[in-house]
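Enquirer: Provided below for reference: sequence and predicted model.
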Amino acid sequence: MAEAGPLADTLAVRRTSPYSFREKLARLLWGFVQATLFRWSFHNWYGFRRALLRMFGATLADSANLRRTVLIECPWNLSIGAESSVGDRAILYCLGPVSIGARVTISQGAHLCAGSHDSRKAAMPLLRPPIDIEDDAWIAADAFVGPRVRVGAGAILGARAVALDDLAPWGIYLGNPAVRVREREFEGRSAHAGR
């Protein structure tokens, strides 16, 4: 017996893909390239991996480095600035725009998640909010940055910490949910912009 009324409408929305045919095809092609050429490349072939990502629309500075075990969804929504690096097994889930500034470190196993669902609606439609990681920030090992989060310049999100709200510049954040524990101080900090 077929469902009727609001339940049928909800199920119809859930069964309808939020992706266009073109985006589905691009995701399929990128998935193949990522699982083969990107993943099998030598560990220090950063330029090769940048070239592959640029072929799929990513915007990368010439000195941005990504390890071969990084997992990237929708690279056309990714931009990475100069001297930034993304470590092994990091996940860049770029359903929405993910902007990583200059001199940023995304450590091994970190997860940037620019995608969610609208839980206020029964059909739970896909949302694609942005993530913005400003210059000189550090997302430490296994940390999680959620959708719609801005990590301020020079901020540190500690190992396994969870950022679901914006992180102010030059703070050190720990825990789940992440809380500011102190100011980030280091030798030569006054020379950095954005102090």
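Expert: Cool, the structure landed.
Enquirer: mind listing what's buried in stretch 112-128?
Expert: 112-116, 123, 127 (16 or more other C-beta atoms under 10 Å). Where you see a C-beta, it was placed from the backbone N, CA and C, and this is true even at glycine.
Enquirer: Of these, which pair is most distant in space?
Expert: Leu112 and Ala123 (25.6 Å; C-beta to C-beta).
Enquirer: hang on, the earlier thing: any chance of the buried residues of stretch 112-128 in a markdown table, plus secondary structure and distance to Gln34?
Expert: As requested, the buried residues of stretch 112-128 are exported to a markdown table (DSSP: H, G, I helix; E, B strand; the rest coil; distance: C-beta to C-beta, whole Å):
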| residue | secondary structure | distance to Gln34 |
| --- | --- | --- |
| Leu112 | strand | 16 |
| Cys113 | strand | 17 |
| Ala114 | coil | 17 |
| Gly115 | coil | 17 |
| Ser116 | strand | 22 |
| Ala123 | coil | 30 |
| Leu127 | strand | 24 |
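Enquirer: Just after the longest helix seen in the chain, pick out the following helix or strand.
Expert: For the chain, the longest helix by residue count, based on DSSP state H, is helix 21-33. As assigned by DSSP states H and E, the chain's next helix or strand after helix 21-33 is helix 39-40.
Enquirer: can you list contacts of that following helix?
Expert: 68-69 (C-beta atoms under 8 Å, 6 or more residues apart in numbering).
Enquirer: Excluding its own residues, what touches the first helix or strand past it going along the chain? List them.
Expert: Counting by DSSP H and E, the next helix or strand C-terminal to helix 39-40 is helix 46-55. Contacts with helix 46-55, where a contact means C-beta under 8 Å, 6+ apart, come from 33, 37-38, 41, 60, 62, 64-66, 68, 72, 75, 78.
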